[in-house]
Every structure is written in structure tokens, then in C-alpha cells.
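Participant: Sequence first, then the predicted structure:
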Amino acid sequence: MSAPSALSPKPAEQLRLPLERPVGDAFVVSDSNAEAARVLAAWPDGVGSVLALYGPAGAGKSRLAADWAERVGALPLHGAEAAVIDPLELEGRPVLLDSASDADDESLFHLINLANVSGGALLLVDRAAPRQWRAALPDLRSRLDAVRAVAVEAPDDKVLSAILRARFAERSIAPADDVIDYLVRRLDRSADMAVKVVDRLDALHRPVTRPLAREVLDQLGDADAA
């Protein structure tokens with residue numbers, strides 16, 4: 001028997017990805033993500049079989065999507081991977097497609113159609129709403145324009161504080177509350193930046209104080225400006 005072609009569709013089992021999860025306790029619901037959390041908790045709900053989550057990097061979209069995928073047993077895919085999986089593997093089952101706008105038009109069109117099969121559902125995750133994605137196929141364009149989309153806003157103070165505490169706890173560091181408050185006031189609204197700051201502070205092997213936090217933030221600011 002000849003070896004399968006490198007271009008042959010891969011079975012779903014070979015494409016299962018680790019679902020992205022920040023460390024720490026349960027996902028923190030706040031004003032920045034409450035609507036998306038509410039919608040996902042009850043979806044699929046008969047309103048539609050395709051839903052999109054969109055918002056800036058580090059806003060928690062992938063975490064919300066991962067929790068949903070675990071709850072409903074969805075197959076997680078990432079962007080262009082949609083092109084290398086046999087559609088028969090996806091029929092009648094929920095699918096999570098992260099970085100959805102990276103998928104090619106034909107694959108995305110097929111995934112949306114498959115979501116209408118009994119038992120199917122498609123959660124699309126991206127930085128922009130589907131209406132803003134490029135689509136050369138007219139039929140795909142009309143489908144994307146009709147997708148129900150829910151925004152996840154940049155992390156607010158409550159979410160950033162929870163991210164910082166979780167990352168510090170992972171390293172057995174317990175900064176005073178005033179240090180957390182100081183970082184929250186100074187940080188960009190990004191989970192990735194919060195993680196970067198904690199990593200930098202941990203690498204210094206010194207007590208985490210406000211002066212040290214100020215020093216690290218100044219260093220990062222200088223690096224960004226260079």
C-alpha cells in the first residue's frame with residue numbers, strides 16, 4: 001500500500017490541538033467579556049449554528065472559546081488547518097476555528113455549510129468581525145455578513161488584576177495589593193503584556209515591590225520605543 005500523500009486530508013485525531021488556557025482559577029467575567037460569556041454559555045441555542053467571537057489580542061477570546069469547546073466536545077482547529085481535514089470528519093459535530101480569517105475561502109465556506117447539519121456548530125474566533133474579513137467567493141461573503149458576532153473587549157482592571165495574580169501565584173510570588181494596583185494602572189490593556197511583565201519581574205529574583213515594578217515597566221517602555 002502506498003504512503004498517503006502529504007496533501008491528503010488528515011483525520012481529526014491528528015489535528016487535535018491543546019486548547020489555550022491561561023493559568024489560574026476560573027475565567028474572570030467582567031464588563032469586558034460578560035456578554036460573550038453569557039452568549040457562549042447557552043450556545044448553540046437554536047438561534048444559529050455559526051457564531052463569531054472577535055476582539056483585540058489578549059482579550060480572552062481563546063480562553064472563552066476553549067471553555068466552550070470542552071463543554072460541547074468541539075474539535076479545535078486553527079486558521080489554515082481547515083484546509084487539511086476531511087470534511088466527513090466534521091459532519092454533525094461542533095467545531096472551533098481560531099484565527100478564522102486565515103482559513104481559505106473554500107474551506108471556510110464548507111465549514112459554515114457543515115455547521116447547518118444536525119449536531120453541527122461552528123465557533124469562529126478572530127480579531128476582526130466576519131464582516132471585515134476578505135472573501136472572494138460571493139456566497140461566502142453573504143454568509144460571513146450574516147454571521148452572529150459578539151465582541152470581547154480589551155481586558156479591564158478586574159481581568160488584568162486576575163491575570164497578574166494568577167501568573168504571580170504560578171511562580172509562588174505574592175506581591176502586595178498596591179503593587180498589583182500599580183501594574184494595572186500602568187499596563188497596556190493586554191493579557192500578553194501582563195504575562196511579559198510578570199516574567200520579567202520573576203527573572204530578576206528580587207522581592208516584587210512598586211519600585212521594581214516601575215523599573216521593569218520603564219525598561220519595557222524604552223525597549224518598545226527603540
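Facilitator: Yep, it's here. Numbers count the residues shown, from 1 in each chain.
Participant: which residues of the protein score low on pLDDT?
Facilitator: Within the chain, the ranges that satisfy pLDDT under 70 run 1-26, 222-226.
Participant: now with 50?
Facilitator: 1-25, 225-226 (pLDDT under 50).
Participant: now the helices for it?
Facilitator: With helices called from DSSP state H, the chain shows them at 34-41, 61-72, 105-114, 138-146, 157-170, 177-186, 191-203, 210-225.
Participant: Output the third one as CSV, restricted to C-alpha atoms.
Facilitator: Spelled out, it's helix 105-114. The C-alpha trace of helix 105-114 is given here as CSV (Å, rounded to 0.1, in the frame of the first residue of the first chain):
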residue,chain,number,x,y,z
ASP,A,105,-12.4,30.8,1.2
GLU,A,106,-13.4,27.3,0.1
SER,A,107,-12.6,25.7,3.5
LEU,A,108,-14.4,28.4,5.4
PHE,A,109,-17.4,28.1,3.1
HIS,A,110,-17.6,24.3,3.6
LEU,A,111,-17.3,24.7,7.4
ILE,A,112,-20.2,27.1,7.5
ASN,A,113,-22.3,24.8,5.5
LEU,A,114,-21.4,21.8,7.7
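Participant: Quick one: residues contacting Val152.
Facilitator: Each residue near Val152 by CB atoms under 8 Å, 6 or more residues apart in numbering is listed here: 32-33, 36, 53-55, 59-61, 64. In short, each C-beta sits where N, CA and C put it, glycine included.
Participant: now do 6 Å
Facilitator: Neighbouring residues of Val152 by CB atoms under 6 Å, 6 or more residues apart in numbering: 33, 36, 53, 55, 59-61.
Participant: what's the distance between the residue lying closest to it once chain neighbours are set aside and Asp31?
Facilitator: Nearest residue to Val152, sequence neighbours excluded (CB to CB, 6 or more residues apart in numbering): Gly55, at 3.6 Å. Going from Gly55 to Asp31 by CB to CB, to the nearest Å gives 13 Å.
Participant: out of the two, which sits in the more crowded spot?
Facilitator: Gly55 (23 against 11; other CB atoms under 10 Å).
Participant: what residues are up against that one?
Facilitator: Gly55 neighbours (CB under 6 Å, 6+ apart): 61, 151-152.
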